[in-house]
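J.: Got a sequence here, can you build the structure:
(chains A and B)
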2 protein chains.
Amino acid sequence: MPKYIDLTADMYDGAPTMPMDPKLSVSWHCGLDTLGYNLSRVTMSTHQGTHFDAPRHFFDEGESIDQISIERCIVRAVKVDLTSKKPKEAITVADLEPYADQIASGLCVLLYTGWDKVFPKNEFFSDFPFISRELAEWFVLKKVGLVGMDMPTPNGSDWKYIHEKMLGNGTLIVEGLANMEDLADDAFTFVALPLRLRGRDGSPVRAIAILD
Amino acid sequence: MPKYIDLTADMYDGAPTMPMDPKLSVSWHCGLDTLGYNLSRVTMSTHQGTHFDAPRHFFDEGESIDQISIERCIVRAVKVDLTSKKPKEAITVADLEPYADQIASGLCVLLYTGWDKVFPKNEFFSDFPFISRELAEWFVLKKVGLVGMDMPTPNGSDWKYIHEKMLGNGTLIVEGLANMEDLADDAFTFVALPLRLRGRDGSPVRAIAILD
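T.: Numbering: from 1, shown residues only, chains lettered A, B, ... in the order given. Down below sits the predicted model:
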C-alpha cells in the first residue's frame, strides 16, 4: 500500500483570498429537514486556495485547464527545502543549484518554504518569499514541467513577467500547497488533477504526494 | 509510462443539472484587458457533473467529504458492462454475478451503461437504468468500497433508501462518470480525489483510470 500525503489547504466559507479575487462562499442549498439530503452551493475563484494555473490564465490562446493532459498532472517530483527563507526574500537560482542534478526535463519541483502556516493572516498574500525572474527563466531552461509552491503566487509585484515566462514556455504552476513538512526527502509522485472546466484559466485541486 | 483514461464530464456555464440542484455558472471575473490576466468565477453544486458523494450527503453526523481518506479515493476497480440495459431498467444482483469473483472487500465497481451519451438531454436526469434495492444491499454485503456510475444518481425514485444503505455502510459513491467505453476489460486503478471542502457533503472531481 503506497503512502499518501495530502498537500491541500481546506476550502470553507469566507476563507481569505488574494484581494481582487472572487471570495469563497459555501452554503447549504438544502438539508435533511427540507429536501431529505444535504447539498451545498459553492462560489469560488478558479484560483482558490490550492489550485492549478493553466496557460490560459495569461494567454487568451494558451491551453485551457481542460486541455492540459493528465500526463502533466501526475509527475515525479523533487522537494526543495527553502524554509530558511525570510518573508519577502527572493528565491534564487543559487537556492535551487543543490538540486540541479535531480531536476530533469518534464519533472515537477515543489518549493517548500513553510509559508502556508501564515494563512489565514493577511500577510499570507503579501509578504511571502518570492520567485526571482532569473529562477523563472532557469525553470524554463531546465524544462521543468510543473512548479508547485506553498506561497499563494510566485511573485507579488513581478507577477506578469514570471507567469508569462513559465506558462508561456511549458512550465505549469500549482500555487497554495500546504503541509509539505509531511514530505520526507525521498522520491515521490505529485498528483494535482484539475476540474474539467471547459475553456477556463485554472482550477482548485486536491493535491497529493504518493510516496514510493 | 502508465496510460490514463479521463472519465470526467466537462463543466461549463449553463450545463444542465438535477432539477432541484444549484445551477452551474462560470463567468469571467477579469481578463487580459482589465486586470492583466484571465480569472473565472464558478458557482456550482457540490454534486455537479462527475462528483463524489460523502456520507454527510445523507447523514448529518456522517463523514464529510474532507474526512474521506485518500486511500479510499485511489482504488483498484472492476468495470461492469451494462450497456445492454434499457432506459429505466433495473440493474440487479444477477447483472453483477458474473463479476462476483473479481469483487473483493474495499475494491471499486464501475457501472458502465453508456448513459453519459444521453447528456445534455433532459432524459439524462430521469430515464437512466437504476440500481435496485437488492443490488445496493449486495454491494454492502460484498463490502465494496466505492461504486462509480455513468448515471447521474443510483435511483431516481428510491434514492433515499439506496443512498442511505450504501453511504451508511461504508460504500462510497461517485456519480456522473463519462467515457467508460475507453476502458478495456483489463485491470486498472480508479482515482477520484474530491476538493477539501470542510464539513461538506460532496465535491465535483476529476475522475480518471490508470491502466496497468
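J.: how deep is A:Pro2 tucked in, by neighbour count?
T.: For A:Pro2, the neighbour count with other C-beta atoms under 10 Å in any protein chain shown is 12. To be clear about C-beta, it is placed using only N, CA and C from the backbone, and glycine gets the same treatment.
J.: Distance-wise, check it relative to chain B.
T.: Plainly put, A:Pro2 is 8 Å away from chain B if you go by C-beta to the nearest C-beta, to the nearest Å.
J.: Test my guess that that residue contacts A:Leu211.
T.: Yes - counting by C-beta atoms under 8 Å, A:Leu211 is a contact partner of A:Pro2 at 6.3 Å.
J.: thought A:Phe190 was touching A:Leu107?
T.: No - using C-beta under 8 Å as the test, A:Phe190 is too far from A:Leu107 to be in contact (9.3 Å).
J.: Common neighbours of these two, please.
T.: Shared contacts of A:Phe190 and A:Leu107, defined by C-beta atoms under 8 Å, 6 or more residues apart in numbering or on different chains, are found at A:Val75, A:Arg76, A:Ala77, A:Leu146.
J.: give me every residue that touches the first one.
T.: By C-beta under 8 Å, 6+ apart, the residues touching A:Val75 are A:Gly106, A:Leu107, A:Cys108, A:Gly145, A:Leu146, A:Thr189, A:Phe190.
J.: what lines up beside the helix or strand harbouring it in the sheet?
T.: In the assignment (DSSP states H and E), A:Val75 maps to strand A:74-81. Applying DSSP bridges, strand A:74-81 is found paired with strand A:108-112 (parallel), strand A:188-192 (antiparallel).
J.: about what we covered before: check the shared contacts of A:Phe190 and A:Leu107 and tell me the two furthest apart.
T.: A:Arg76 and A:Leu146 (10.1 Å; C-beta to C-beta).
J.: Tell me the buried residues in stretch A:2-13?
T.: Using 16 or more other C-beta atoms under 10 Å in any protein chain shown as the test for burial, stretch A:2-13 gives A:Tyr4, A:Ile5, A:Asp6, A:Leu7, A:Thr8, A:Ala9, A:Met11, A:Tyr12, A:Asp13.
J.: Actually, stretch A:121-135.
T.: A:Phe124, A:Phe125, A:Asp127, A:Phe128, A:Pro129, A:Phe130, A:Ile131, A:Ser132, A:Leu135.
J.: After the strand holding A:Val75, which helix or strand is next?
T.: With DSSP H and E, the next secondary element past strand A:74-81 is strand A:90-91.
J.: Looking at that next one now, give me its mean pLDDT.
T.: Averaged across strand A:90-91, pLDDT comes to 98.
J.: same thing with stretch A:143-157?
T.: 98.
J.: now it, how far from the centre of its chain.
T.: Centroid separation for stretch A:143-157 versus its chain: 7 Å, with C-alpha atoms, centre = their mean, to the nearest Å.
J.: Also stretch A:3-20?
T.: The chain centre lies 10 Å from the centre of stretch A:3-20; the measure is C-alpha atoms, centre = their mean.
J.: cool, and stretch A:110-126?
T.: That offset, for stretch A:110-126, works out to 12 Å (C-alpha atoms, centre = their mean).
J.: again with stretch A:57-77
T.: The answer for stretch A:57-77 is 12 Å, by C-alpha atoms, centre = their mean.
J.: pLDDT score for the closest residue to A:Val93 other than its chain neighbours?
T.: Sequence neighbours aside, A:Trp138 is the residue nearest to A:Val93 in space, at 4.8 Å (criterion: C-beta to C-beta, 6 or more residues apart in numbering or on different chains). Looking at A:Trp138, its pLDDT is 98.
J.: pretty sure A:Gly168 is touching A:Phe59, no?
T.: Yes - judged on C-beta under 8 Å, A:Gly168 makes contact with A:Phe59 at a distance of 6.4 Å.
J.: sorry, back to before: tabulate the buried residues of stretch A:121-135 (CSV), appending secondary structure, pLDDT and distance to B:Ser157.
T.: Conversion of these to CSV gives the following (DSSP: H, G, I helix; E, B strand; the rest coil; pLDDT from 0 to 100; distance: C-beta to C-beta, whole Å):
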residue, secondary structure, pLDDT, distance to B:Ser157
A:Phe124, helix, 98, 48
A:Phe125, helix, 98, 48
A:Asp127, coil, 98, 56
A:Phe128, coil, 98, 52
A:Pro129, coil, 98, 56
A:Phe130, strand, 98, 56
A:Ile131, strand, 98, 55
A:Ser132, coil, 98, 61
A:Leu135, helix, 98, 58
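J.: isn't A:Lys143 right up against A:Gly170?
T.: Yes - between A:Lys143 and A:Gly170 there is a contact under C-beta under 8 Å: 6.9 Å.
J.: can you give me the strands in chain A?
T.: Using DSSP state E, the strands of chain A run over A:3-6, A:25-30, A:39-45, A:51-53, A:74-81, A:90-91, A:108-112, A:130-131, A:146-149, A:172-175, A:188-192, A:202-204, A:207-211.
J.: So which of those strands is nearest A:Tyr161?
T.: Here strand A:130-131 is closest among the strands of chain A (C-beta to C-beta), at 10.3 Å.
J.: Which strands border that closest one, and is each parallel or antiparallel?
T.: strand A:90-91 (parallel).
J.: Please compute how far the partner strand lies from its chain's middle.
T.: The mean C-alpha position of strand A:90-91 is separated from the chain mean by 17 Å, C-alpha atoms, centre = their mean.
J.: do stretch A:81-98 as well
T.: Relative to its parent chain, stretch A:81-98 has a centroid offset of 17 Å by C-alpha atoms, centre = their mean.
J.: So which bits of that stretch are buried?
T.: A:Asp81, A:Leu82, A:Lys85, A:Ala90, A:Ile91, A:Asp95, A:Leu96.
J.: Which two among those residues are spaced furthest apart?
T.: Top of the distance list for the buried residues of stretch A:81-98 (C-beta to C-beta): A:Asp81 and A:Ala90, 16.2 Å.
J.: Nothing else from me, thank you.
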